[in-house]
Every structure is written in structure tokens, then in C-alpha cells.
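>>> Sharing a sequence plus its predicted fold:
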Amino acid sequence: NAGVTQTPKFRILKIGQSMTLQCTQDMNHNYMYWYRQDPGMGLKLIYYSVGAGITDKGEVPNGYNVSRSTTEDFPLRLELAAPSQTSVYFCASSQGGSSYEQYFGPGTRLTVT
Amino acid sequence: AQSVTQLDSHVSVSEGTPVLLRCNYSSSYSPSLFWYVQHPNKGLQLLLKYTSAATLVKGINGFEAEFKKSETSFHLTKPSAHMSDAAEYFCVVSDTGKLIFGQGTTLQVKP
């Protein structure tokens, strides 16, 4: 049982490039989330999904896209990378909504130069 | 909208002394509240959660938190700090299934 896995661990992008951050969970959780964490700050929600085929925006969705074709996978797409997207990205999953624990992946550290 | 404020950005204690990390929240209804811990270069791990049952919540590694509705607080405590407790701690409130994070408190433990 690996929990939540994320790839890659580190990535450097040039301005304007695109990439996909991968997230997979093996706990059969319906809910999945993408967060970004900027230095000295808490996590901010980018997008979330309550099940395969269902996604919704969080607090900071601009510049990102997501899809959820399977229960296990929830990739995050950056189309035109900008320096403001330099951050650490965390994927999480949970069994349900409000009162359920979220399980976090180890994070992807992204630098855009 | 719900929000959470961690009152200290940095707390320093000596090993073996008590830990207090303070958190206030705002909510228009009975919230779910959490404390998460993040060790350096790691993902977040749940310490404990409050979901309208007992107001004193016990978590992992000897941590506790008390929900005080009248003070809108959810402070995290531990009787005796250990070196391995050095980490970043986040107070979190749940808003219709989405988590709202505080800014975090860095706990330093001195030998």
C-alpha cells in the first residue's frame, strides 16, 4: 500500500513551457486534491475532485488544469509556465469530505525560470 | 467564509518542556478542525482532528488539542517536547469539504 505517490520530485521549467504533475493513490479514495505551498505559507487549494469525471476549482486555479478519468489518478497540468508558479505542489486524497483525514503525497518542487 | 489564524509563526522550546501552539478560527457553524505536521522535505501528516465529539482531542506522539467554542480556539499542546517534534505545524479548518490552512508555526526544539 503506497498511499499517495507523486512524480516527479523535482522539476525546472523555462517560462512558457508546459508539464504535467502526476498523482496516484491506491486507497480507493473518491476525493482528491491539488495544493501549492509557497515559502512561509500554508497550503492553498488549486483544484479538487470528488470522483472520476468530476472536478472543481479551488482557491488558486488560474494557470492550471486537471482531469480525473480514473479513481486512482489526478494529474495537474501547467500549460504556460510562469515564475509565479514556482512552488511546492502537494497532491492529497481522502475517503470523504469535511471531517475526513487527507493523505498527502511527498510533493513536487517546481522552479520556473 | 471560514478562516484560521496561527498566532505564532515561530515557537522555540527546550527539550522536555511543554509545547503550546496557538490557533484561532472563524466559522459560521460547527467546524471540523485539524492539526497537521510537516517535517522538512516531507508531505503533511495528520496529528489530530476535532469533529464535534469530545472537546479534548488526543492525537499521535503525545499531542492534544482542546476545542473552545467560546474562544474560537483550537490550541495544540504537548507536555514534554522531544527533538523529533521539530517541524512545521498547520492548524486547518474544513469548509464544505475543502481545507483552509493557517500560515503555519515552526517549532524549534533546543537540546
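Arrived safely, thanks for sending.

>>> excluding its backbone neighbours, what's nearest the residue nearest the centre of chain A?
Geometric centre of chain A, nearest residue: A:W34, 2.9 Å, by Cα atoms, centre = their mean. Nearest residue to A:W34, sequence neighbours excluded (Cβ to Cβ, 6 or more residues apart in numbering or on different chains): A:I46, at 4.4 Å. Where C-beta positions appear, they are placed from N, C-alpha and C, glycine not excepted.

>>> check contacts around the one you found.
Residues in contact with A:I46 (Cβ atoms under 8 Å, 6 or more residues apart in numbering or on different chains) are A:W34, A:Y35, A:R36, A:G58, A:E59, A:V60, A:P61, A:Y64, A:V66, A:L76, A:Y89.

>>> Show only the entries of the residues you listed found in strands.
Judged by DSSP state E, the contacts of A:I46 include A:W34, A:Y35, A:R36, A:Y64, A:V66, A:L76, A:Y89 as members of strands.

>>> Hmm, the fifth one is touching A:G53, no?
No: if you go by Cβ atoms under 8 Å, A:V66 and A:G53 don't touch, sitting 11.6 Å apart.

>>> For those two, indicate the residue with more neighbours.
Using other Cβ atoms under 10 Å in any protein chain shown, the more surrounded residue of A:V66 and A:G53 is A:V66, with 23 against 10.

>>> Now do the same contact list for the more buried one.
A:W34, A:I46, A:Y47, A:S49, A:T55, A:F74, A:P75, A:L76, A:R77.

>>> try 6 Å
A:Y47, A:T55, A:L76 (Cβ atoms under 6 Å, 6 or more residues apart in numbering or on different chains).

>>> where along chain A do the strands fall?
A:4-7, A:10-13, A:19-25, A:31-37, A:43-51, A:54-57, A:64-66, A:76-78, A:87-94, A:102-104, A:108-112.

>>> how about the residues of chain A that lie near chain B?
Contacts of chain A with chain B, taken as Cβ under 6 Å from any Cβ of the partner chain, map to A:G42, A:L43, A:L45, A:G97, A:S98, A:S99, A:E101, A:F104, A:G105, A:P106, A:G107.

>>> 8 Å - rerun?
A:4, A:31, A:33, A:40-45, A:48, A:50, A:58, A:90, A:92, A:96-99, A:101-102, A:104-107 (Cβ under 8 Å from any Cβ of the partner chain).

>>> partners of the helix-or-strand element of chain A with minimal mean pLDDT in the sheet?
The helix or strand of chain A with the poorest confidence is strand A:102-104; it has a mean of 92 (mean pLDDT, DSSP states H and E). For strand A:102-104, the paired strands and their directions (DSSP bridges) read strand A:87-94 (antiparallel).

>>> can you give me how far the partner strand is from the chain middle?
Taking Cα atoms, centre = their mean, to the nearest Å, one finds strand A:87-94 lying 5 Å from the centre of the chain it belongs to.

>>> what does that strand contact?
Outside strand A:87-94, the residues within contact range by Cβ under 8 Å, 6+ apart are A:4, A:6, A:21, A:23, A:25, A:27, A:29, A:31-38, A:43, A:46, A:74, A:76, A:100-105, A:107-110, B:43-44.

>>> Filter those residues down to the buried ones.
A:4, A:6, A:21, A:23, A:25, A:29, A:31-37, A:43, A:46, A:74, A:76, A:100-105, A:107-110, B:43-44 (16 or more other Cβ atoms under 10 Å in any protein chain shown).

>>> got the contact list for B:V37?
B:V37 neighbours (Cβ under 8 Å, 6+ apart): B:L44, B:Q45, B:L47, B:A87, B:E88, B:Y89, B:F90.
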